[in-house]
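Undergrad: Need a 3D model of the following:
(one chain, ligands or ions: 1)
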Amino acid sequence: VRSILPSMPPSSGAEFYDQPEVEAEYFAPWEPFESPVETLEAPAFWEAVGDVRGLRVLDLGCGDGSLGSDLLERGATSYDGVDASTAMVARAGQRHGPSAITEQRLEALDLPADHFDLVVSLRVLHYVKDVVPVLRHARDALVPGGRLIFTVEHPVITSNESREPGAKRGAWTVDNYFDTSHREVVFLGAPVVKHHRTIEQYLAAVHDAGFAFHALSECAPRPESFGHRQDEYQRRQRIPLFLMMVAQRPA
Ligand SMILES: C[S@@+](CC[C@H](N)C(=O)[O-])C[C@H]1O[C@@H](n2cnc3c(N)ncnc32)[C@H](O)[C@@H]1O
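TA: Have a look, this model is predicted:
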């Protein structure tokens, strides 16, 4: 990770990924079995998603749209994505065509009603101050019975980001857990605003947006996801990094 740029004001998540240094850092390759997105989030996500054949999927904060390629390969009927970052929209548009990917902020969504079977959003909602309106839009975009699956940085992580840049974290401090204001943190080498919420508040938001809550996962490590890197498996046992929720628009 590059050095901190302390004089810069923190970006909102909607602007953050358009900084070329951040984009480069975000797409920098990981050592095998060290990316927690691959070892922790992905196994929990694909287990929760199950069979996607025939589903029309919307991805809120789609990034480069690589998830869409995996969904289509597994038989999803269609994949649409929205993202606030021009750079991400360009990358995703190259994969899926410009009509499938639109540049939108989650705070000002314009979506078709009663259209999608599944709405996903991976590691995006902690950049959004008010999640209930976003989740309401997601509910209205789903067909009755359609599902929502989202992940966020785990609240024990967003509570207190105390770490030296570049260091592999060896200790974590959960602090100010019930102070659910925003946090200005350094991530991918640059300052950004993240919004900390408790698990209880995420659950309440899902409920307030009109969803039936189905399941919650903390994306616990599974030894089989770490190949020969069982040392990484042991390290990932220490603290949760992601919170995932599964909910359904009532039929
Ligand atoms: C950690 S990346 C995850 C990307 C993608 N979901 C994935 O799993 O690869 C976060 C994404 O959220 C987008 N984002 C952040 N805040 C946003 C907002 N307010 N509205 C729309 N997109 C936002 C960023 O541009 C970025 O592409």
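
Undergrad: what's next to stretch 122-137, contact-wise?
TA: Outside stretch 122-137, the residues that touch it by CB atoms under 8 Å, 6 or more residues apart in numbering are 12-14, 16, 37, 41, 45, 59-61, 63, 67, 106-107, 109, 111, 148, 150-153, 158, 182, 192-197, 202, 205-206, 208-211, 242. Every C-beta, even on glycine, is put in place using the N, C-alpha and C of the backbone.

Undergrad: I meant to write stretch 43-50 there.
TA: The contact list for stretch 43-50 (CB under 8 Å, 6+ apart) reads 118, 120, 122, 149, 151, 215, 217, 219-220, 222, 225, 242, 244, 246.

Undergrad: before we move on, back to that, selection in PyMOL covering whichever of the contacts of stretch 122-137 are buried, please.
TA: To isolate the buried subset of the contacts of stretch 122-137 in PyMOL, counting by 16 or more other CB atoms under 10 Å, use the following:
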select buried, resi 12+13+14+16+41+45+59+60+61+63+67+106+109+111+148+150+151+152+153+158+192+193+194+195+196+197+202+205+206+209+211+242
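
Undergrad: For the ligand, tell me which of the contacts of stretch 122-137 show up nearby.
TA: The residues of the contacts of stretch 122-137 that also fall near the ligand, by CB under 6 Å from any ligand atom, are G13, A14, G61, G63, L67, L106, E107.

Undergrad: Just the element for the nearest residue to G75 once chain neighbours are set aside, please.
TA: Nearest residue to G75, sequence neighbours excluded (CB to CB, 6 or more residues apart in numbering): R53, at 3.5 Å. Assigned by DSSP states H and E, R53 belongs to no helix or strand.

Undergrad: Spit out the contact partners of R53.
TA: The contact partners of R53, by CB under 8 Å, 6+ apart, come to R74, G75, A76.

Undergrad: top of these by neighbour count?
TA: Using other CB atoms under 10 Å as the neighbour test, the contacts of R53 are led by A76, with 20 neighbours.

Undergrad: how far away is the nearest residue to that residue once chain neighbours are set aside from R105?
TA: Distances taken as CB to CB, 6+ apart put V52 closest to A76, at 4.6 Å, once the chain neighbours are dropped. Using CB to CB, to the nearest Å, V52 is found at 26 Å from R105.

Undergrad: So which of those two has more stuff around it?
TA: More neighbours surround V52 than the other of V52 and R105, with 21 against 18 (other CB under 10 Å).

Undergrad: mind listing what the longest strand seen in the chain pairs with, with the direction of each?
TA: Taking DSSP state E as the criterion, the chain has its longest strand at strand 142-153. Here strand 142-153 is paired, per DSSP bridges, with strand 116-122 (parallel), strand 242-248 (antiparallel).

Undergrad: The residue nearest to T198 when sequence neighbours are not counted: how many residues sit nearby?
TA: In this structure, T198 finds its nearest non-sequential neighbour in P155, 5.5 Å apart by CB to CB, 6+ apart. Neighbour count of P155, defined by other CB under 10 Å: 20.
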